[in-house]
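**Student:** Provided below for reference: sequence and predicted model.
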There are 2 protein chains.
Amino acid sequence: MPSVASAETPSSSPPHARARRPVRDALDEGFELDPAFIEDVQAALRANDHEQARLLVEDLHYADMADLLERLDSEDRRLLIEAIRDDFQADVLPELDAEVRYEVMDALGFEDFAVALTELDSDDAVYVAGKLDPEERAKILERTPPDKREFIEQGLAYAEDSAGRLMQRELVAVPYYWTVGETIDFLRSTRNIPDKFYVVFVVDARHRPQGVVELHRVLTSKRPIRMQDLINPDMDIIPTDMDREEVAFLFRQRDLAAAPVVDKSGRLIGQITIDDIVDVIDEEAGADILKMAGVSEVDQSSLYTAVIATAQSRFTWLALNLITAFMASYVVGMFTASIEKLAALAVLMPIVAGMGGNAGTQTLATVVRALATRELDSSNALRVVGKELFVGLINGVLFAALVGAVASFWFSDVLLGVVIAAAMLTNLTVAGLAGILIPLALDKAGTDPASSAGVFLTTVTDIVGFFTFLGLATWVLL
Amino acid sequence: MPSVASAETPSSSPPHARARRPVRDALDEGFELDPAFIEDVQAALRANDHEQARLLVEDLHYADMADLLERLDSEDRRLLIEAIRDDFQADVLPELDAEVRYEVMDALGFEDFAVALTELDSDDAVYVAGKLDPEERAKILERTPPDKREFIEQGLAYAEDSAGRLMQRELVAVPYYWTVGETIDFLRSTRNIPDKFYVVFVVDARHRPQGVVELHRVLTSKRPIRMQDLINPDMDIIPTDMDREEVAFLFRQRDLAAAPVVDKSGRLIGQITIDDIVDVIDEEAGADILKMAGVSEVDQSSLYTAVIATAQSRFTWLALNLITAFMASYVVGMFTASIEKLAALAVLMPIVAGMGGNAGTQTLATVVRALATRELDSSNALRVVGKELFVGLINGVLFAALVGAVASFWFSDVLLGVVIAAAMLTNLTVAGLAGILIPLALDKAGTDPASSAGVFLTTVTDIVGFFTFLGLATWVLL
């Protein structure tokens, strides 16, 4: 650790070193809320001991407080809000699940909720306001000071997944001709500084960003050095209408700490910081899992979504799957005469269709992920298609042999084994191809491959599986 | 934007404002490599025009250079490395896919590769070294300077997914009794400072972390203020053996920029920064998608994994699914007599099983995601189980009615419709329960629910679906 300042210090412990710490007892070793702690809070609330409840939670970090509010039931939640109303931390609000936030709003009342909203950074305030119903939002905004209200309304005017929604208005910008010394003096003397910032933006006379200076560069440079000599040459300027997934890609790709957001005339109007991007990346990657399983946006929001809303949101995907299931059944229905003659066909047919579905899903997940991380695009698509075709063929041959052998023994019918082997090989090869071509086609068409490829894929593998197996059997065996 | 320094500046454009910019022509508007640019590079390489190739790529950001190397075929890649050997950016290495990195190593040779490794931050060097085969790694480390080699070997001694592997050794730490002024003077005068840092650590005489001071707090405070008065009270100390998913959770939960890593005696030995966490979050969330689809760790690595290795890595999951498929077939086999009498059963049975699988997967994905984000734990599990049971029941009733009606019409048999409706209701309810209980049980058992729950789930929904439908039909209809 060469850069550690030489620690030639008295060997006693520092006198004032023990800073106020959060109540560690509330958390288990994995930094999650301890169930025993939650029970203590519940007990205090139910005994109507507001003071005890307040003391228990007063040192909680806002994210832990949000978790606690989510874990309590509605009645306890209301009681806890009552207990902490006077020192309610605004930062809890963006961390809450939407349904729980509504209950907190009801408990706080519009006045106190508006106060909390005003205390938030503009990006968090826009986020919270954006999750409210228009009617409630209007009531809250009425009670918000005009300058803050304007920022929120401007933020809400940008599209939901745009950089404009994500940006915060609070930032530090200095003229291009300033020195490090002038910048530090300005930062020390100005009251109206953001709570937290990672970079200083350098702007020209028209307030257009000229560069980004990371704080460590300011701190390691001598006072007379000019800020514009410290700017990182790789500045990436973000327009307000850039999609947030693009923004996240850019941050990952370039290891950015913060980036300037500009309006149409190129003026610096906000910044996006890496801590916002962490949330975007987590949400987007998590959303793909849910979309692939047919869980819609509404349901994704949380565990706390009501039963009816959840059932409703899942209905569409299941209904879509039902249609394709009937299509597959129709194919089976074409061969009822064969099945009546040889019921073994009905016994074995789910294996052919199911294995195709599984193999195809493996490819599909790989491709969806590669599209999301932008590893896959038109420059290497053909190569990957070729690869998946081969992988499908190889596993097709192996599983054809395996299933063929088992079926031959089970039904003492070698020809049946040959038929299922041929169907298996066909379906696994088709599955590999469908697993890549379907998401590529959807992506090309501008549709999200994560949310619709699965249903197309299983339609293909079911229909091809049933048709080749039952068709071949009818032709060869009967 | 209240915190912007007053920009009363001459209205002309700043004279030196145009800093060197990366070659924007290489990238499309989504900040990805332009296919036309890749073709230009290929053309230059194939014409053996090293100088032209070097000029084309010399301003590329290292992440874009890594993308370019991945997109080229092996021969072009070797040629490009030859062209840029003298100004090869070490930062390209951690960005590369493992297979491509091996080829780059072959092209660079052990000497130059070792030089590049030495230039990297310790966390990146450990990461790259950790991805090499032990034999190659030994050859590279032989050629690395002793101090760097020691850091790398120490890093590799920590478990693969631990904080120790993730941390970087380079950091800035100052004694607790220093002032802001002393800290700034130290930072300005010391040569051996990390390339990039977000915080200054405050340590006691035994080098144990006393607190974290974010750089903006140093910059906005006057010189006589003591560093220990600026520390963030919510310091979270990370032991080297903490799992990286836990670390990521902590960073998200507390909005940290950097956190201290300590050894067993509590001494500060490294730091983890938010840009490392971005990669962890992206990888972990992405890995869950792949694991749920049965794509193993090996295969996850990339699109560039060879065909045989990919086929092999997917084989296990397919084989496991084959066993459960045969189990389901065995259940169907119990009812061959019924199917011979009424082939409509074979036509309809895939619908019952398949819809159960789909509904169960919806619940499963929601639960796997909630476990990953720690929204779900023992304190609210029971509530969520109850909810999923209800959701399953509601959709069960709806789809029972729908499928029952269609089946009645299709086969002009009302009783058949009633049978499939009853089987559908049963299977969707079971699917909802299995979709939550299986991942919860796996999680409790310390197994990763994302990577094994799916196969258990479809086993349940297939067997229950076939058994209830065929069993009821045999009992009621025949």
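**Tutor:** Looks like it arrived, so ask away.

**Student:** can we go C-alpha only for contacts and neighbour counts from here?
**Tutor:** Fine.

**Student:** Pull the number of nearby residues for A:Leu320.
**Tutor:** Using other Cα atoms under 10 Å in any protein chain shown as the criterion, A:Leu320 is surrounded by 13 other residues.

**Student:** How about the contacts made by it?
**Tutor:** Contacts for A:Leu320 (Cα atoms under 8 Å, 6 or more residues apart in numbering or on different chains) come out as A:Val455.

**Student:** could you point out which element follows the helix or strand hosting it?
**Tutor:** Per DSSP states H and E: A:Leu320 is located in helix A:307-333. Note on helix A:307-333: by DSSP H and E, the next helix or strand toward the C-terminus is helix A:336-341.

**Student:** now the helix or strand just after that next one: mean pLDDT?
**Tutor:** The first helix or strand that comes after helix A:336-341 along the chain, using DSSP H and E, is helix A:344-372. For helix A:344-372, mean pLDDT is 92.

**Student:** swap in stretch A:466-478?
**Tutor:** Across stretch A:466-478, the average pLDDT comes to 94.

**Student:** what does stretch A:55-73 give?
**Tutor:** For stretch A:55-73, the per-residue pLDDT averages 90.

**Student:** Stretch A:421-437 too?
**Tutor:** Here stretch A:421-437 scores 95 as its mean pLDDT.

**Student:** does chain B sit close to that stretch?
**Tutor:** No. Against chain B, stretch A:421-437 shows no contacts by Cα under 8 Å from any Cα of the partner chain, the least distance being 10.6 Å.

**Student:** Residues contacting that stretch, please?
**Tutor:** Outside stretch A:421-437, the residues within contact range by Cα under 8 Å, 6+ apart are A:352-353, A:355-357, A:359-364, A:367, A:385, A:388-393, A:395-397, A:399-401, A:403-404, A:457, A:460-461, A:464-465, A:468-469, A:472.

**Student:** could you check the angle helix A:344-372 makes with the helix holding A:Leu320?
**Tutor:** 130 degrees (axes from the mean of the first three to the mean of the last three Cα atoms, to 10 degrees).

**Student:** residues of helix A:307-333 that come out buried?
**Tutor:** Residues of helix A:307-333 classed as buried by neighbour count (16 or more other Cα atoms under 10 Å in any protein chain shown): A:307, A:310-315, A:317-319, A:321-322, A:324-329, A:331-333.

**Student:** And stretch A:367-376, by the same measure?
**Tutor:** For stretch A:367-376, by 16+ other Cα under 10 Å, it's A:Val367, A:Val368, A:Arg369, A:Ala370, A:Leu371, A:Ala372, A:Glu375, A:Leu376.

**Student:** near chain B, which of these show up?
**Tutor:** Answer for those near chain B (Cα under 8 Å from any Cα): A:Arg369, A:Ala370, A:Glu375, A:Leu376.

**Student:** Closest to B:Val104 out of those residues?
**Tutor:** A:Glu375 (18.0 Å; Cα to Cα).

**Student:** Helix, strand, or coil at that closest one?
**Tutor:** Three-state assignment for A:Glu375 (DSSP: H, G, I helix; E, B strand; the rest coil): coil.

**Student:** Distance check, it against B:Leu322.
**Tutor:** Between A:Glu375 and B:Leu322 the distance is 31 Å, computed by Cα to Cα, to the nearest Å.
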